[in-house]
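K.L.:
everything below, folded, please.
(chains A, B, C, D, E and F)
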Number of protein chains: 6
Amino acid sequence: MKIGIFTVLYNELKLEKVLEYVSKLGYESVELAAWKGSTHLDLDNVLSGGATKLKKTVEKYGLSISGISNHLEGQLVLGPHDASTDDFFKGTPEEKVKYGTERMKKTAEAAAALDVSVVNGFIGAPYWGAWYIFPPAYEKIYEEGFKMFAERWNPIFDVFAAHGIKFAHEVHPQEQAYNVETTEQAIKAVDGRKEFGVNFDPSHFVWQGIDPVVFIKKFGDRIYHAHAKDAEIVKENVATSGVIPTGGWMRQGRGFRFRVVGWGDVEWKRVITALLEVHYDFVLSYEHEDPVMSREDGCEKCISFLKSLIIKAPLKQVWW
Amino acid sequence: MKIGIFTVLYNELKLEKVLEYVSKLGYESVELAAWKGSTHLDLDNVLSGGATKLKKTVEKYGLSISGISNHLEGQLVLGPHDASTDDFFKGTPEEKVKYGTERMKKTAEAAAALDVSVVNGFIGAPYWGAWYIFPPAYEKIYEEGFKMFAERWNPIFDVFAAHGIKFAHEVHPQEQAYNVETTEQAIKAVDGRKEFGVNFDPSHFVWQGIDPVVFIKKFGDRIYHAHAKDAEIVKENVATSGVIPTGGWMRQGRGFRFRVVGWGDVEWKRVITALLEVHYDFVLSYEHEDPVMSREDGCEKCISFLKSLIIKAPLKQVWW
Amino acid sequence: MKIGIFTVLYNELKLEKVLEYVSKLGYESVELAAWKGSTHLDLDNVLSGGATKLKKTVEKYGLSISGISNHLEGQLVLGPHDASTDDFFKGTPEEKVKYGTERMKKTAEAAAALDVSVVNGFIGAPYWGAWYIFPPAYEKIYEEGFKMFAERWNPIFDVFAAHGIKFAHEVHPQEQAYNVETTEQAIKAVDGRKEFGVNFDPSHFVWQGIDPVVFIKKFGDRIYHAHAKDAEIVKENVATSGVIPTGGWMRQGRGFRFRVVGWGDVEWKRVITALLEVHYDFVLSYEHEDPVMSREDGCEKCISFLKSLIIKAPLKQVWW
Amino acid sequence: MKIGIFTVLYNELKLEKVLEYVSKLGYESVELAAWKGSTHLDLDNVLSGGATKLKKTVEKYGLSISGISNHLEGQLVLGPHDASTDDFFKGTPEEKVKYGTERMKKTAEAAAALDVSVVNGFIGAPYWGAWYIFPPAYEKIYEEGFKMFAERWNPIFDVFAAHGIKFAHEVHPQEQAYNVETTEQAIKAVDGRKEFGVNFDPSHFVWQGIDPVVFIKKFGDRIYHAHAKDAEIVKENVATSGVIPTGGWMRQGRGFRFRVVGWGDVEWKRVITALLEVHYDFVLSYEHEDPVMSREDGCEKCISFLKSLIIKAPLKQVWW
Amino acid sequence: MKIGIFTVLYNELKLEKVLEYVSKLGYESVELAAWKGSTHLDLDNVLSGGATKLKKTVEKYGLSISGISNHLEGQLVLGPHDASTDDFFKGTPEEKVKYGTERMKKTAEAAAALDVSVVNGFIGAPYWGAWYIFPPAYEKIYEEGFKMFAERWNPIFDVFAAHGIKFAHEVHPQEQAYNVETTEQAIKAVDGRKEFGVNFDPSHFVWQGIDPVVFIKKFGDRIYHAHAKDAEIVKENVATSGVIPTGGWMRQGRGFRFRVVGWGDVEWKRVITALLEVHYDFVLSYEHEDPVMSREDGCEKCISFLKSLIIKAPLKQVWW
Amino acid sequence: MKIGIFTVLYNELKLEKVLEYVSKLGYESVELAAWKGSTHLDLDNVLSGGATKLKKTVEKYGLSISGISNHLEGQLVLGPHDASTDDFFKGTPEEKVKYGTERMKKTAEAAAALDVSVVNGFIGAPYWGAWYIFPPAYEKIYEEGFKMFAERWNPIFDVFAAHGIKFAHEVHPQEQAYNVETTEQAIKAVDGRKEFGVNFDPSHFVWQGIDPVVFIKKFGDRIYHAHAKDAEIVKENVATSGVIPTGGWMRQGRGFRFRVVGWGDVEWKRVITALLEVHYDFVLSYEHEDPVMSREDGCEKCISFLKSLIIKAPLKQVWW
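P.N.:
Now for the predicted structure:
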C-alpha cells in the first residue's frame, strides 16, 4: 500500500515544488487534478505531447501518479446545472453536459497517455436534495437519476474502456451515488461494467453513520482508489448543529467537519484491516480539508500517522 | 398539555367518524389539514360561512382544534418548483408561488374564522440540497434563500398579524429552516417578528443528531404547536444504510424511519420535562408515519404512552 | 400474535389448574412438554386415544396449543451421550440415539393427533464444546456434526413430513445449531427441507452479542414458534464473571442470567417490529427461567408487559 | 415490599389530610419527620402520651409508619456548626452538639413508643468538603471525623439499643459517610454495632458514578430503610455544568438534579432485583425533590411506576 | 505552542539539575513555584536583585519561564483557614489572610522582575464544601464567597495591574471558582477585569463530567496559562468508589486519579484543536501527579506524547 | 518489564535465525515451546546435556528465556481425550494422561536445567463444553473436574516444587480454569500451592466481557508470566456472528478474532498500569495469532507499540 497525496491543496505552488516537499516527507505517489484551473496538470498539454515530461517530472522525485482526478467537470455531466456549477463551466445545462462529457473523455485519454490506470471524480446528480422523499414525488424522481446516469456516462465509460482506464467515483454528498445503497443502484444501472468503480473516502460516511468497513466489504474489488481523509462529529456542537450543518467549512459551531487523518472519528485500523481483507493494495491518497490546522501540519501528521499503520503483507495461513 | 391528533391520516374517512374514533380513544384535540385534497377542512367552505358548523362538529365530540395545517401549499411559496410539487399545484414557478401565497393567507383567515390561534406548515426551500456546501457556490446560494424567505413570507405574515394568528413552521428536511441554526437564521431574516414560530417535531432531529431539548430551550416561547412523532435509527441497518437513506418509506433496509411515539429514539421524558421548563402547555398532536404498524395500532399506542407521561403542573418552589 | 405460556414451569400442578390460572391472567395459548416426566402431556396416552380429551381440556379454558415441546429427548439424537443425559434416558449411546429418535417421531404423531402444527425441541450436539477451535482438530470435528445431524434427523423429519408437522429447533448453547451461522449450516445440511425450522428465543443471543433482529430477518419464514424469554448481562458482575459463567443458575455472582420478559436486555420493541416485518404472526410463548423472582411474579409481569407491545396489524401502505 | 411516602413534602397540610390523600393513591406506609418544625410528629407530644393517638390516626387510613426521620437534628451531632445549621438550632457548636444528641435520643424513644423499628437520619460531618485531599492535611483531618463519629454517636446508639431501635443513616453528600467506602469506614468506626445501618437512597449515587447495586450487595442486611428517589444527569447541561453544580435546586442550567422515580437515571429493575437478592423486604419510601414537576404529579407517577415493578416473592429454587 | 514543565515535582533537586534534565528531554519552558518552601524560586531573593541571575540560569538551558506559580499562598486569601492550611502558614485566620495577600502581591512583583507575564495560583474558598446546597442556607453562604473574593483580591489585582501581570486562577476543587459556572461568577464579581483569568487544567474537569472544550470556548482569551495533566475515571473502581473518593492519592481502590498526559480520559486532540480555535498559543505546562508511574516515566512519556500533537499553525482559509 | 516473544510462530525456522531476527527488532527475551514437534527446544536434548548450549545460544543474541511453554502436552493431563488431541499424542485416554503427565514433569526439569523459573501451559479439561449448565447434570460434572485437576496435577506440581519451578496456566477456553471464577476454583482445589499460577493473556477475556484488570488485581502475585496478545470483537460481524463463532480462524465473517497487540480491544494502558500496581515486573511475551497480517508485520508493530508503553518504575510516594 502506498501513501500518496492529492496535490491540489498546493495548487498555488509549482508542481515541482510540491513534489519535492511531499517526497521529502515520505509520500510515495501523487494524485493530480485535471480540471480547468489546475496548475499541476493541463489536459490539453498532456494530450499534445506533454505526457512524458510530466511523468518524468513526477518520477524524478521518486513518486508515481496514483490517479488523475477530475471531480469538478465530472459533476457537470449530471448536474446540478444551476448557478452553483458556473464556476466550473458557465453555460446552459446542455452546454454544461456537453462540456463535462468531453472533458471526462479527455481525462481518460490523458490518463492513458500518462500510464495511469485510474481517473477519480464525481458523477454528479441532477438534484441531490431529492434523496429525502418529500414531496412524495421525489421517490420516482430520484430513481430516474440512475437512468440518466447510465445514459450519459455509458458513452464516457466506452472511451475509458477503449483506453483501459477505470473511473473511480468518489461516493459523496451531492452525487447520485452517495452511500452504500445508491452506489449499488448506480453499479446496477450500468450493468456492473467494470470501468465504473469507487474512490473510497471514509470521511463522507462518518456523519451518515455508515460503517466504512461495510462499504469496503460490499464493494471489494471495485475499489479503484482511496482517499486518506478523516471527519469528526464535533462533540461540543453536534447536539445543537447536527450532522448536516450548512454554512462555511470554517464556521466554528459546525456539528461535522473534515479532519486530517487520525484527528477524526474514522477507525483507521479497522479500515486498513478491511482493505487488506478485500485485497486492496494500491494507495491511500491524503486529502486535506481540515478547517483547523494548516496544510503543512496536515501533511506531516498524516504521513507520520499512516506510516505506523500500513500492513505490508497479509497472513498466508494459520500457523498455530 | 393536551394530547391531540392530526386527522389527515384518516383523510379517506368522514371527519365525524374520525372525531368519534379519536375522542373515544381519549384524544382531546384535532389538527386539521387545509390543503386542497383534505376532506376534513375546505378553506373556501370555512371562509364562506362553514366555520361555525365545523367548529361545532368538533366540539360535539368534546374536542377542540389545536391548529390548522397547510404544509403542502406553504411549500410552494419558496419551492421547490420542479415536478416534485406538481401534485400540490401544477403550474409555472411563478404560478406556484402565487397560488401558495394566496392559500396561506386564506389559511390564516380560516384559522381566525374558527377561533384557532395557530397555523402549522412549511415555509419551503428553493433548493434544500444546497445545504451541503459543494459546489462551493452553494454557501452563498443557501444564504440567499433566507432573503427570499423574508421577501415572500413577510406579506403573508402581515395577513397573519392582521388576524392575530401565528404561523408554526415545522422544522423539517426540504425546508429552508431545517435545524436549530437555520431556524435561528430564518427568525433573524424576519426580524424576529412574533407571527413566525415553530411547530416542534422531534422526529426530524433524531437522525440529524440534534438534541430536541436543545431545540426546545433555544426557541422556548416561539414554540406554537408540537407534533408527537417518533423516529428510529434502525440499528440493524444503519451501518449499511446510514441516516440519510433515500427510497420509499416502507423499504425495510432503511437506516432511519419514523415511528409511533414510544417506539423510536426520542427521549420523551426529557422532551416533556423541557417543554414544561419553557412553559409550553398547549398540545402534543399525534402524527402517524410509522411504516411498520397500522394506523389503529398507532392511535392506541400513542395515547396510552403519552397519557402516563403528561405532567399536570410544574413545581412552584423548592419545599425541601 | 398470541401470547402463550410453556406450562412445564408448573409441572408439579395438574394441567387444568395451570390452564385455569394462565387463562385468567390473559394468556391465549399453551405449549406442552412431551418428554417422559411431563405431567401435562403423555405421548402414549395421546397416541392411544387421549388426544381429543386433552385438546378439549385446553379449549375449555379458551386456550389453544401453540406447540408440543420435546427438548430433552430430541437432545438424545445427537448427544451428548455422556452421564449428563442419563436423567433423560439411561443407556448406551446407541440406546440413547434410538430412544430419542423414536420419541421424536412419536412427538410428531402426537402433534398431528392434537391438530398442533409445530413441535419444538433441541437437535442435540455430539460435543458442543468443540465450537472453540482448539485443539485445531476441532474445526473438522465440529463440521462433521452437521453430517451426523442430517443422517440422524432426516428420517425423523420424514415422519414429520408425513404428518404435515414442522420441527422448530430452539437455537441454544449445547446444540449443533446455536447461533446464526450454525443454523444456516444446519439448514443447508438438510437441503433446506421445510420441516426443519426454528423456535426463536432471543435470550440465548443476548450474551453472545448477536442481534436477535438479525436472526429474525435472516430466517424469516422459517421461524415456526417463538419463546418470550429475556436475558441479562448482569452489570455488577460481568467484568469479573464474564458472559459464559459456569455454576448453578441461582448463583448470585453470575455475569449472565435469564430474566422474565422486560427485565433483561432484549429490545422487545425491535424484536416485535422485526417479527411483524417478516410476517411472523403466531405466538410468543412465555418461558420462565428467572433465577430471582417467583413464577407467579413472572407470569403476571410477562403478560402485562407483552400486552402493551403487541401490534395487531401491519401498515398496508404509505398514506402520507 | 411496601410502597411508602415521606410525608414532609406536605408539611403545610394537616397529617390526616395527607394520610387520606396518599392512602387513596395506594401508598401503604408513611415516614414521618420528627425535627422541630415538623407538623406531622411532635417528639414531646409522642413521648408524653400522644403515641397511641398518632399510631391510631395512621392506622385509620390503612397505613403503617415505616420510619421516624430526623435528618436535621442528627446533622447537629457532627456538624457543620457554622451558620448553615442555624435554621436547625441556633447556638454555639457545643450547644448544637448537645441539642442534636438529646433530640436523637428522644427520637429513638419516640420510635419505641410508636412501635416503629427504624429512625432515619444524618450523622453529620465536621467539614464534609475536606473529602477532597487538598490541602494535603485534609487526608488526616477527614480520617479524624470517623473517630469523632464514634465518640459522639455511640452514646446515642446505646439509647437506640436500649429501646431496640435501629438508626438508618442516609448516605448523602455533606455527611461523614457519603459513599460506599466512607460508609464502610463509619461501620468499622463503631465496631459494626447493629444499631447503625443505612437508609438506602440511590439518588445520591447517580452523580457520583456509584452503582447502587454495588451498594446494596455490599451492605445487604444493614439496609434498614430505603428511599424511592431518582436523580438525573441532565444531558443538555452536564458538559457545561458538571455533576457537582452549586446554586439553587430549581436553576435550569444544572448538570444534576433530583427527579421523581422513573424520570431519572436510576435503573429501578436492577435496584429492585438486588434488594430482593439481599432479602430486603421492607419499604420503598417516596421522597419528592423533583425541581420540575408538582408534588401531586410526583405522588401519582411514583406509585404508578413502582406498583408494576414490585416483586412479591423470590424464586425458591431452580425448577428447570 | 510551547511544551513546558512545572519544576516543583523535583523540588528536592537543584534548579539547574532540573533545567538540564528537562531541556534535554525537549521541554521548552519552565513554570516555577514561588511559595515558601520552593527551592527553585525565592521571592525575596528575586526582589532583592536575584532576578537577573535566575532568568539567565533558565535561559542558559534554552528555556523560558512560562509562569510563576503560587497556589499555596493564594489559597490563604480566602481560606480555608482551619488546620488544613497550617502547613502553608500558621496563624489566625486574619494573619493567614494578611500573609497570603502580601505574598501574592510580591509574586506579581517578582514576575515583573523576571519579565514573566503570568502568575498561576489558587484564589481559595472560605468553605468549598458548601457548594452542595444542604443545609439549604449554603446557597446564600456560597454566593457570599464571591463578594469576599472581590473584596480581598481586587487590591491584589491592582498590584498585578500596576506591574502588567496577569493572574491565572487554576479552576480546581477547593476553590471558589471550581467549574465553568463558578468561574463565570468569579469573573463577574470582579467586573471582568483583565488581570483575572484562568490556568486551564483539564484534569479537574474529567471527574466532574465537564467537557474541557466547552471550558476553552467559554473563556477563550481569558486563558492565560495551561497545564498538561490528565485524569482517569478508574473503570474497575468507579462503580464502588465513585468520582469523589476521599483518602490518599495512592490508595489503589480510588474511582478517580490523576495521570500522566495520554494515560487518562482527556481527549487531547479535541483540547488542542479547541485551544487553536480560540487562538491560545502559549504553553502546555506538564504537571505530574500520577500515583502510579515514576516522575521520570512521566517526564518522558509526556513530551513524547505531546510533541506529536502540537499544531504549528492554523488553517488560514478554505482552499478547497 | 521485558518485552519478549513466543518463538513458536517461526517453528519452521532455525532457532538462531529467529533469535537474530527478534533481537534486532528489540525483543529482550524468548519463550520456547517444549512440546514434541517444537524445533526450538527438545526436552530430551536439554535433559541430556544440551541445556548449556541452548542457554548460551539464546544469550549470544542478548536475550534470555522468559519461560518454557508446553501447552499441548499439558492439555493431555485432563483431556479432552477424544480424537481432537490425537495430533498431540495418539493413544487411549489412559495413555494420553500418562504421557502428558510425564512430559510436564520433564518440562519442569528442563526449565531447571536452563535456569528458567516458569513453565507455561494448559491444564486441560475433561469436557470444557460442560460449563454451560444444560443438561442440568453438567453442574455437578463440571465441579468434579476440579477434583480431577487436583488429583492429576498435584503429583506434577510436586516435581515442579522439587525443582523450584512455577507452572503458569494460561487461562483459556477449553481449559478447566478459563475465567476468573474457575481460576479461583482451581487454586482452591490445590490448596493454593504456590507452584500453580497463571500466564496472563488478556486476549481470552475480551470476548468473554471480562475486564483483564479485574483478573490482574484478583491474582496479583500469582501471575508468573504474561502474553502480549490482543483480540477484537469484529464490529461489522458481531451482530450476526456473535462472540463465540466456530469455524476456521481465518474465516472473514467471524465476530471475534485475535489481533496483534494494539489492533484489538485490550486497553493496554490500563493493563500495564494494573500490572505495575500488583508489582508484576517480568515479561510481556508477544504471541501472534492475528489472522489478517503477516508475522513480520506483527513482530514489528508489537515491539513498536509496547516500547512506548512500558513504565520503568512505579511512583514511590506522593510528592505533591
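
K.L.:
which one is the residue in the stretch 1-150 of chain A that chain D sits nearest to nearest to, not counting chain neighbours?
P.N.:
Here the residue of the stretch 1-150 of chain A nearest chain D is A:Tyr132; by Cβ to the nearest Cβ that distance is 26.6 Å. From N, CA and C alone the C-beta is placed, and that goes for glycine too. Counting by Cβ to Cβ, 6 or more residues apart in numbering or on different chains, A:Tyr132 lies nearest to B:Pro173, which is 4.5 Å off, once chain neighbours are set aside.

K.L.:
gap between the residue in the stretch 1-150 of chain A that chain E sits nearest to and chain B?
P.N.:
The stretch 1-150 of chain A approaches chain E most closely through A:Leu9 (6.0 Å), counting by Cβ to the nearest Cβ. Going from A:Leu9 to chain B by Cβ to the nearest Cβ, to the nearest Å gives 15 Å.

K.L.:
for A:Ala274, list the residues it contacts.
P.N.:
A:212-213, A:216-217, F:236 (Cβ atoms under 8 Å, 6 or more residues apart in numbering or on different chains).

K.L.:
coming back round to it: my guess is the residue of the stretch 1-150 of chain A closest to chain D contacts B:Pro245. True?
P.N.:
No - using Cβ atoms under 8 Å, A:Tyr132 is not in contact with B:Pro245, being 9.5 Å away.

K.L.:
and those two? which has more neighbours close in?
P.N.:
B:Pro245 (28 against 18; other Cβ atoms under 10 Å in any protein chain shown).

K.L.:
so what's whatever residue of the stretch 1-150 of chain A ends up closest to chain C scoring on pLDDT?
P.N.:
In the stretch 1-150 of chain A, the residue that lies nearest chain C is A:Pro136 (7.8 Å; Cβ to the nearest Cβ). pLDDT for A:Pro136: 97.

K.L.:
what does A:Trp320 give?
P.N.:
Looking at A:Trp320, the pLDDT reads 82.

K.L.:
tell me the SS of it?
P.N.:
Using DSSP: H, G, I helix; E, B strand; the rest coil, the structure places A:Trp320 in coil.

K.L.:
do you know how far it is from chain F?
P.N.:
Separation of A:Trp320 from chain F (Cβ to the nearest Cβ): 5 Å.

K.L.:
got the contact list for that residue?
P.N.:
Taking Cβ under 8 Å, 6+ apart as the test, what A:Trp320 contacts is C:136, F:8-9, F:249, F:289.

K.L.:
which pair in those residues spans the largest distance?
P.N.:
F:Val8 and F:Trp249 (15.5 Å; Cβ to Cβ).

K.L.:
neighbour-wise, which of those two wins?
P.N.:
F:Val8 (24 against 19).

K.L.:
A:Lys96 in helix, strand or coil?
P.N.:
Quick answer, by three-state DSSP: A:Lys96 is helix.

K.L.:
ok, the residue of the stretch 1-150 of chain A closest to chain D to B:Thr246 distance?
P.N.:
To B:Thr246, A:Tyr132 is 7 Å away according to Cβ to Cβ, to the nearest Å.

K.L.:
now swap in A:Val190 and tell me
P.N.:
From A:Val190 over to B:Thr246 (counting by Cβ to Cβ), the distance is 18 Å.

K.L.:
more crowded one of these two?
P.N.:
B:Thr246 (23 against 16).

K.L.:
how many residues are close by the nearest residue to the more buried one once chain neighbours are set aside?
P.N.:
Spatial nearest neighbour of B:Thr246, chain neighbours left out: A:Trp131 (3.9 Å); criterion: Cβ to Cβ, 6+ apart. Neighbourhood size, A:Trp131 [other Cβ under 10 Å]: 22.

K.L.:
chain E contacts on the stretch 201-320 of chain A?
P.N.:
A:235-236, A:248-250, A:252, A:263, A:289-297, A:301, A:304 (Cβ under 8 Å from any Cβ of the partner chain).

K.L.:
are any of these buried, and which?
P.N.:
If you count burial by 16 or more other Cβ atoms under 10 Å in any protein chain shown, the buried members of these come out as A:236, A:249, A:263, A:289-295, A:297, A:301.

K.L.:
which of these sit farthest apart?
P.N.:
Taking Cβ to Cβ, the two most distant members of those are A:Glu236 and A:Arg295; they sit 24.7 Å apart.

K.L.:
burial measure for the residue nearest to the residue of the stretch 1-150 of chain A closest to chain C when sequence neighbours are not counted, as a count.
P.N.:
Distances taken as Cβ to Cβ, 6+ apart put B:Asp87 closest to A:Pro136, at 7.1 Å, once the chain neighbours are dropped. Using other Cβ under 10 Å, the number of residues around B:Asp87 comes to 12.

K.L.:
closest to chain B out of the contacts of A:Ala274?
P.N.:
When the contacts of A:Ala274 are ranked by distance to chain B (Cβ to the nearest Cβ), F:Glu236 comes first, at 6.9 Å.

K.L.:
so where does the closest one fall, helix or strand?
P.N.:
Using DSSP states H and E, F:Glu236 sits within helix F:235-241.

K.L.:
helix or strand right after that helix?
P.N.:
strand F:256-259.

K.L.:
residue contacts, the residue of the stretch 1-150 of chain A closest to chain D?
P.N.:
Shown in contact with A:Tyr132 (Cβ under 8 Å, 6+ apart): A:138, B:128, B:173-174, B:244, B:246.

K.L.:
mind giving me the ChimeraX select for those, buried ones only?
P.N.:
Only the buried members of the contacts of A:Tyr132 end up in this ChimeraX selection, burial being decided by 16+ other Cβ under 10 Å:
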select /A:138 /B:128,173,174,244,246
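
K.L.:
would a markdown table of the contacts of A:Tyr132 with distance to C:Ser23 be doable?
P.N.:
Compiled in a markdown table, the contacts of A:Tyr132 are given as follows (distance: Cβ to Cβ, whole Å):
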| residue | distance to C:Ser23 |
| --- | --- |
| A:Tyr138 | 51 |
| B:Trp128 | 56 |
| B:Pro173 | 49 |
| B:Gln174 | 52 |
| B:Ile244 | 49 |
| B:Thr246 | 49 |
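
K.L.:
thinking again about what came up before, for the residue nearest to B:Thr246, give me phi and psi.
P.N.:
phi -60, psi -30 (degrees, to the nearest 10).

K.L.:
pretty sure it sits against B:Val243.
P.N.:
No - between A:Trp131 and B:Val243 there is no contact, the gap being 11.4 Å when judged by Cβ under 8 Å.

K.L.:
where does pLDDT dip in chain A?
P.N.:
Nowhere does chain A drop to pLDDT under 70.

K.L.:
which one's the longest helix in it?
P.N.:
The longest helix of chain A (DSSP state H) is helix A:138-163.

K.L.:
tell me what that helix is packed against?
P.N.:
helix A:71-78, helix A:93-113, strand A:166-170, helix A:180-189 (3 or more Cβ pairs under 8 Å, 6 or more residues apart in numbering or on different chains; DSSP states H and E).

K.L.:
buried ones in the host helix or strand of A:Ala226?
P.N.:
Here A:Ala226 sits within strand A:223-228, counting by DSSP H and E. Neighbour-count burial for strand A:223-228 flags A:223-228 (criterion: 16+ other Cβ under 10 Å).

K.L.:
report the angle between that strand and strand A:166-170.
P.N.:
Orientation note: strand A:223-228 sits at an angle of 40 degrees relative to strand A:166-170 (axes from the mean of the first three to the mean of the last three Cα atoms, to 10 degrees).
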